[in-house]
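Novice: build the 3D model from these lines:
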Amino acid sequence: MIRLLLDENISPALVRLLADFGVYSQSVPHVGLAGRTDHVVWQYALDHDFAVVTANARDFIELLDAPVHPDNRVP
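Specialist: Numbers count the residues shown, from 1 in each chain. Okay, the predicted model is just below:
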């Protein structure tokens, strides 16, 4: 099952909407990470098997240490 961690720039209201579609998600503020750095959020996601949903993908892509397609896609 996919697990999504919604970054602070994504409405926490989506947690309930996603649940209606059978998608498990949590928001950064709900897991106690409000105001924390992207690195801390990224590490939490890795430790808890979440995919991060964010509007500032470039910041998180820099944490990947992987080649990135110009459209912000990781090959």
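Novice: ranges for the helices of the chain?
Specialist: 14-20, 38-47, 57-64 (DSSP state H).
Novice: so of those helices, which one's packed in deepest?
Specialist: Ranked by mean neighbour count under mean count of other Cβ atoms under 10 Å, the helices of the chain are led by helix 38-47, which reaches a mean of 16. From N, CA and C alone the C-beta is placed, and that goes for glycine too.
Novice: nearest spatial neighbour of Val31, skipping sequence neighbours?
Specialist: Of all residues not flanking Val31 in the chain, Tyr44 sits nearest, at 6.7 Å (Cβ to Cβ, 6 or more residues apart in numbering).
Novice: for the one you found, give me its contacts.
Specialist: Leu5, Val31, Leu33, Phe50 (Cβ atoms under 8 Å, 6 or more residues apart in numbering).
Novice: rewinding a little: among the helices of the chain, which gets the worst mean confidence?
Specialist: Mean pLDDT values for those show the minimum at helix 57-64, a mean of 70.
Novice: that older thread, which one, of the helices of the chain, ends up nearest to Gln26?
Specialist: Distance to Gln26, taken as Cβ to Cβ, is lowest for helix 14-20 among those, at 6.5 Å.
Novice: packing partners for the closest one?
Specialist: strand 3-6, strand 24-27 (3 or more Cβ pairs under 8 Å, 6 or more residues apart in numbering; DSSP states H and E).
Novice: tell me who's in contact with the closest residue to Leu18 other than its chain neighbours.
Specialist: Leaving aside its sequence neighbours, Leu18 sits nearest to Ser25 (Cβ to Cβ, 6+ apart; 4.6 Å). Neighbouring residues of Ser25 by Cβ under 8 Å, 6+ apart: Arg3, Leu4, Leu5, Leu6, Leu14, Val15, Leu18, Ala19, Val53.
Novice: how about Ala55?
Specialist: Asp7, Asn9, Ile10.
Novice: give me phi/psi at the residue lying closest to the first one once chain neighbours are set aside?
Specialist: Spatial nearest neighbour of Asp7, chain neighbours left out: Thr54 (3.7 Å); criterion: Cβ to Cβ, 6+ apart. Recorded main-chain torsions at Thr54 are phi -150, psi 160, according to degrees, to the nearest 10.
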